[in-house]
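>>> generate a structure from the sequence data that follows.
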Amino acid sequence: MVKAVVSGAAGRMGSRIITLIKGSEAVSLHGALEFAGFFGLGSDIGEITGLGRLGVTVTADVASALEGADVLIDFTKPEASLELGKKASEMGVALVIGTTGLNTEQIEKVQGFSTRVPCVFAPNMSVGVNLLLGVLANVARVLGDEYDVEIVEAHHRMKKDAPSGTAVKIAEVLAEALNRDLKQVGVYGRQGMVGERPAQEIGIHTVRGGDIVGEHTVLFAGIGERIEITHRASSRDTFAKGAVRAAAWVAAQKPGLYSMKDVLGL
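Residues are numbered from 1 along each chain as shown. Here you go, the predicted structure:
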């Protein structure tokens, strides 16, 4: 069995990942990490998350948690992910990173970790979303420049980064399929007298509210018709399942940077 450490273990994603690990035949829970000062340090993570005693104590000691582990699953914040990734890669522990909001320099550091250990780095670990990325690329290539492309994403009010990592990934996939430079054609919301829409633009728009788990719609708007493709996540379990699947897969891989397409064999 693959021995996994979960960071942010008591958080929304961490607790769901641990719940699914509990029922997994391929992955076992080896460690539970939380930040220094967390009220539950020293307690059993199962008792904190309502799963019953699991025999794994919550700790802020990264080195002790990673000792003897095969993989670290991390859905935290960019700065924390980099610190954890650095320590894990130094200790030879594989990585599954689902943290979003990393800038170019931070992504380069993650790429550096992958020279030492295998690393699955993906903004969205849902099977459906990763299948969608391939479909969208094919649709964009067929429709070409005759259709305007707009992306709308919606998430819960607590989400800190905007646009979502998934929306950015969708925009990157579409830009590549259409032979465009996203840095030049990406438009993140519109306001005021912006003028007529250039044909090459890719619009990316953000909605935040309530407890929306995650919704992404891609609109291809032509003259006389439009195509809308939407993915809606109704539970964080869709992401947690992908993370556990990635953990089971990555532990057996060679050092390198992998995506969910690799995990799923797409």
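
>>> alpha carbons only for contacts and neighbour counts from here, please
Will do.

>>> quick check, Gly46 in contact with Leu54.
Yes. Here Gly46 lies in contact with Leu54, judged by C-alpha atoms under 8 Å, at a distance of 5.1 Å.

>>> more crowded one of the two?
Per other C-alpha atoms under 10 Å, whichever of Gly46 and Leu54 has more neighbours is Gly46, with 22 against 14.

>>> element containing that one?
Using DSSP states H and E, Gly46 sits in helix 45-49.

>>> summarise which helices and strands the next helix or strand after that helix is packed against.
Downstream of helix 45-49, the first helix or strand assigned by DSSP H and E is strand 58-59. Applying 3 or more C-alpha pairs under 8 Å, 6 or more residues apart in numbering; DSSP states H and E, we find strand 58-59 packed against strand 27-33.

>>> how far off centre is the strand it packs on?
With C-alpha atoms, centre = their mean, to the nearest Å as the basis, strand 27-33 stands 19 Å off its chain's centre.

>>> same deal with stretch 247-266?
For stretch 247-266, the distance to the chain centre is 14 Å (C-alpha atoms, centre = their mean).

>>> report the buried residues of that stretch.
Within stretch 247-266, the residues scored as buried using 16 or more other C-alpha atoms under 10 Å are 247-251, 255-261, 263.

>>> so Val6 sits in a strand?
Yes. Counting by DSSP: H, G, I helix; E, B strand; the rest coil, Val6 is found in a strand.

>>> quick one: contacts for it?
Contacts of Val6 were listed using C-alpha atoms under 8 Å, 6 or more residues apart in numbering, and they are Gly14, Ile17, Ile18, Leu29, Gly31, Ala32, Leu33, Leu72, Ile73, Asp74.
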